[in-house]
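Colleague: Need coordinates for the below:
(2 chains)
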Amino acid sequence: MNIKKFLNEASILIVWLILVGIFSLLSPNFFQTTNAVVLLLNGAIIALITLSQSFVLLTGGIDLSTGAVISMTGIVAAVFMRSGAPWYVAAIGASLLGVFAGVLNGLVIHYAGIPPFIVTFAAMGVASAIPMIITRAESIKIADPGFLWVGQGKVFSIPVPIILVVICAILSTILLKSTIIGTHIYALGGNRLAARLSGVNIMRTTIFVYGLSGLFAGMAGVVATSRLGVAYPQTGTGNQLFYSIAAAVVGGVSLFGGIGKIRGAMSGALLIATISNGMNVVNISSYWQPLVIGLIILAGVGFDSARTSTKNKSKKGRSAIITTKIKGLVGKASTREGKK
Amino acid sequence: MKKDVSREVGFEMTREWTLSAEHLSQEFGSTKALDDVTLIFKSGEIHGIVGHNGAGKSTLLQIFSGALSPTSGGINLDSSPISFIEPYQAYAAGIACVYQELSLPINLTIWQSLFLGHELRKNGLLDKKEMRRISTAICKDIEVDADSDTILSNLSVSQRQLLEIGAAINRKAKVILFDEPTTALEPTQISLLFSIMRKLAHEQNLIVVLVDHRLDEVLSVCDHVTALADGKIRLSGKKNEISIGSLTDAVIGNRERSAGEIITPDQTLKREQRKKSLLLEVKHLGSERLHDISLVLEEGEILGIYGLNGSGRSRFLRTLYGDLSFTNGEITLAGSNYSPSSPHYALSKGVAYLSEERKKDGFIPLLTPTENMTLPILHLYRRLRIFLNHNLKNSSALTILKKLNVRGDISGLIMRLSGGNQQKVLFARSIMQKPILLLLDEPTKGIDIGAKIEIYDLIKSLVKSENIGVILVSSEEEEILSITDTVMIFRNGTSSGIKNKTSELDIANLRLLALQGKN
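Modeller: Below you'll find the model as predicted:
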């Protein structure tokens, strides 16, 4: 049992090792320290948005606005600094803007009862338009050395973004494993109705989770902007959202809610970052990347549904639970009251 | 229309024909839901089937509609045997069932929903004109006064229910089974429904079967009445041969007084000796579907609530627990005002609740038993106000699990446990909340007899050792009779407020009370 479990969790690392081997064979430039640093720096941003997505997925929701929030917060940080704010105010302010966007998502999802898919879809539109409107689609150059340190600096020769990711991942793990709200997040994703009857505050948990998702997306925006030294209004509207979902799902976070670990999600982020980087290094056109990531998502979700259904084949009523969860993902589980 | 039907079914609809059940038996494990039932439905008749909870009515209905295949025995349509493996085969044979829950999609128009799945075509395109024409004719038949282009969501519930009948007619059904169709209807709507049923049977020579538990209703509309109790036919005959008295006797069954004696005298004695203080007082509680419910509950009392399906029993419990809202009335719990606005609130006031469908809203399948048990009381296991003390949490949960004798892998996921053990875990969850009021909705539904008895013992010992009151909703008479002190009857979303002493009841008069509603 434990060996099986270990293999299950290690399988993603095995796939990763195989990929590293293949890319190393295909290009001598891949297995180099300089490339490893590039991979990890890109990976840091993917890891942050994967954290952002994972928390929401664990409750059985989804956050489509992740990528757009990156663009928005990056531009807002630049605008702050342009108008004279110190770099740390800009960085923290931008992250808090991410929290604000997430909390707004959570409020609408909970109080209006609109499915997360739709709410965050709309938020994606709003959040990606704001930076374009502010800058008239032009990029803003950043010169503040303090701000650039966030994405380019090093502490004890370790890049700051990587330190940031490690801290966030550790805190997230503690949050999920050792706090009440962590347990409530799993409970909400596992069975919303039962969680409510067990006294879980659905409103608070939902808003917390989307707020946290916004925080990580905001931080990703700051890191990405700092790393490039330029705030592009379209930084996050490319493949970022795509990466976040792919990494979480490949890392074992269930799209149906209730299952997943930070450790897995981070391995997923590493895998996606490696694929993205490796394809660049071996000179495959970047147009191919979404295609490959798309197939990965499909494979990941296919594996996920197979796992959830075979695991519980013997249990009657399991299909009902899965149906409720799918409903919860697409729409709030329609709480039809009992007959009595 | 009649011509169409006869061509479709292969025999002349104007002569007399029958649908019959022969020696039907249906066993679920060791319980016999139906026991050698032989019945004949004649064309041109409305046949009423009455019975109590668990009498076998719905099992019979499920067999006729192809949802169940009987353990033994068979059914004959016009004297030739037929058997169904899937519900659509029953439909194809001309047997349609109209359920309480409405099944037509509400986003479609009347004509779209009536022709759903068998749309008419002309030159490869939908023949809307013809479908509208037929729909209009059907609407006239079933007295739904609406244009055939009306969207279903704009119709009333009773009109939609009538459309379900319309869909059955349009499918050329020759037998229409109704499963407690009047539950959600107003009196005027009920009489309209009955007149349509008469029209179908008497003018169009169909078989109409009405399954119901309101005896007066059945006697007023049906031509032939059959009463089931405990899976057997107790009475069957023409309406004019049957009195309401004999029908009532048949429905409540003629079991000897047995279950009432399970209560041992010393227990009742102990209860009376204990100083009683008022725990819960509900005054004139009303909501959308409940009206004017009043009751009092003392500490140490186990109050049973008994009633038929749809009587509002579960709704009442959920209202007390804050899951459903109420509009009128006031509630006092342990001397102070109690206005449950959410389960969270109810929990904080010391109310614990066990839901009827543990898989639907009872437990969280992907968590362990321990995690499920401690979910409502996680705040008790905090360290430094933030972090969870998993060791403390697990050890206190394990102590209780051990006490309740939960078997199976308790470190695995709760969904791997058997039904009885899952229920025990949920019980343990309630106990860990140290409630002052425990609300139980069908606490032994779908679990085996061994686990059942263990749960009864648990409830009893809980009441003995703690200052706690219990309200138990159950549709099993034996359960009510063996563990409660008092019983209230719910009927049509309300209760007379009269508490009956359990020691003075037996199965027969419990059923009688539920049917008649008054003492």
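Colleague: distance of the closest residue to chain A within the stretch 51-200 of chain B from B:Ile489?
Modeller: Using CB to the nearest CB, the single residue of the stretch 51-200 of chain B nearest to chain A is B:Gln100, 7.2 Å away. Heads up, the C-betas are built off the backbone N, CA and C, glycines and all. Counting by CB to CB, to the nearest Å, the gap from B:Gln100 to B:Ile489 is 21 Å.
Colleague: Comparing the two, which shows the higher neighbour count?
Modeller: B:Ile489 (27 against 15; other CB atoms under 10 Å in any protein chain shown).
Colleague: residue ranges of the strands in chain A, please?
Modeller: Taking DSSP state E as the test, the strands found in chain A are A:140-141, A:154-155, A:158-159, A:230-231.
Colleague: Nearest to A:Val292 among the ones you listed would be which one?
Modeller: Across the strands of chain A, A:Val292 has its closest neighbour in strand A:158-159 (26.1 Å, CB to CB).
Colleague: quick one: that closest one to chain centroid distance?
Modeller: Centroid separation between strand A:158-159 and its chain, computed with CA atoms, centre = their mean, to the nearest Å, is 22 Å.
Colleague: got a list of contacts for it?
Modeller: Contact with strand A:158-159 is made by A:37, A:40-41, A:44, A:152-153, as judged by CB atoms under 8 Å, 6 or more residues apart in numbering or on different chains.
Colleague: which one of these sits closest to chain B?
Modeller: A:Ala44 (26.9 Å).
Colleague: If you tally nearby residues, what's the number for the closest residue to the closest one other than its chain neighbours?
Modeller: Of all residues not flanking A:Ala44 in the chain, A:Pro161 sits nearest, at 3.7 Å (CB to CB, 6 or more residues apart in numbering or on different chains). When neighbours are counted by other CB under 10 Å, A:Pro161 registers 27.
Colleague: quick one: B:Ile134 is in a helix?
Modeller: Yes - with DSSP: H, G, I helix; E, B strand; the rest coil as the criterion, B:Ile134 is located in a helix.
Colleague: okay but it is in contact with B:Ile169, surely?
Modeller: No - counting by CB atoms under 8 Å, B:Ile134 does not reach B:Ile169; the two are 10.1 Å apart.
Colleague: more neighbours, the two?
Modeller: B:Ile169 (22 against 18).
Colleague: show me the contacts for the more buried one.
Modeller: B:138, B:141-142, B:176, B:200.
Colleague: Phi and psi next, for B:Leu437.
Modeller: Per-residue torsions, B:Leu437: phi -130, psi 130 (degrees, to the nearest 10).
Colleague: That one contacts B:Leu347, doesn't it?
Modeller: No - contact criterion CB under 8 Å: B:Leu437 and B:Leu347 do not qualify, at 10.9 Å.
Colleague: re earlier: out of the strands of chain A, which is the most enclosed?
Modeller: Scoring these by mean neighbour count under mean count of other CB atoms under 10 Å in any protein chain shown gives strand A:230-231 as the most buried, with a mean of 22.
Colleague: who does that strand touch, helix- and strand-wise?
Modeller: Applying 3 or more CB pairs under 8 Å, 6 or more residues apart in numbering or on different chains; DSSP states H and E, we find strand A:230-231 packed against helix A:66-82, strand A:140-141.
Colleague: want to throw those into CSV with distance to chain B?
Modeller: As requested, the helices and strands packed on strand A:230-231 are exported to CSV (distance: least, CB to the nearest CB, whole Å):
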stretch, distance to chain B
helix A:66-82, 24
strand A:140-141, 39
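Colleague: Please dump the ones you listed into TSV; it should also carry distance to B:Ala334 and mean pLDDT for every row.
Modeller: TSV is the format used below for those (distance: least, CB to CB, whole Å; pLDDT from 0 to 100):
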stretch	distance to B:Ala334	mean pLDDT
helix A:66-82	48	90
strand A:140-141	63	87
